[in-house]
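need the 3D shape of this:
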Amino acid sequence: MTRREKNSGIVYSTEHGKMCPACSRPVLECVCRLKKGPSKGDGIVRVGRETKGRKGKGVTIISGVPLDLEAIKSLCTELKKKCGTGGTVKDGIIEIQGDHRDMLVAELEKKGWTVKRSGG
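Numbers count the residues shown, from 1 in each chain. Predicted coordinates for the structure are as follows:
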């Protein structure tokens with residue numbers, strides 16, 4: 001089954017999940033996103049803490065990393081080892097379990113990025 005919107009092609013497939021509206025491929029296999037490269041944003045890596053939707057458990061969120069998806073995954077692995085905890089990458093945003101903002105800000109600054117703490 002597929003859901004169609006006006007003139008934009010397939011947006012969701014039960015077989016593949018979300019579909020890219022530009023190249024009509026599954027989002028994970030999107031060709032046009034690979035050509036664009038990493039999103040530039042404002043050049044600032046933001047490190048914050050979030051508990052929403054996690055039953056009160058906090059995670060440290062790292063967004064705005066100027067790398068492609070594979071490099072973000074390897075960076076996530078490196079940061080998880082530094083913190084001694086688990087984590088994941090969702091939509092180009094790194095989530096590290098627990099509150100490790102201070103350590104992660106220091107590690108990311110060592111890599112030469114401009115880093116800001118976001119949130120409270």
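
low-confidence regions, this protein specifically.
Confidence mapping of the chain against pLDDT under 70 gives the ranges 1-14, 31, 33-41, 120.

and the longest strand for it?
In the chain, taking DSSP state E as the definition, the longest strand is strand 44-50.

in that strand, what's buried?
By neighbour count on 16 or more other C-beta atoms under 10 Å, the buried set for strand 44-50 is 45, 46, 47, 49. From N, CA and C alone the C-beta is placed, and that goes for glycine too.

now the residues you listed in CSV, with distance to residue 85?
Formatted as CSV, the buried residues of strand 44-50 follow (distance: C-beta to C-beta, whole Å):
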residue, distance to residue 85
45, 19
46, 20
47, 15
49, 14
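
circling back: within the sheet, what are the partner strands of the longest strand of the chain, with directions?
For strand 44-50, the paired strands and their directions (DSSP bridges) read strand 59-63 (antiparallel), strand 114-117 (parallel).

list of residues touching that strand?
Contacting residues not belonging to strand 44-50 are listed as 58-66, 99, 101, 104-105, 108, 113-120 [C-beta atoms under 8 Å, 6 or more residues apart in numbering].

what subset of the residues you listed is buried?
Buried, going by 16+ other C-beta under 10 Å: 59-65, 101, 104-105, 108, 113, 115, 118, out of those.
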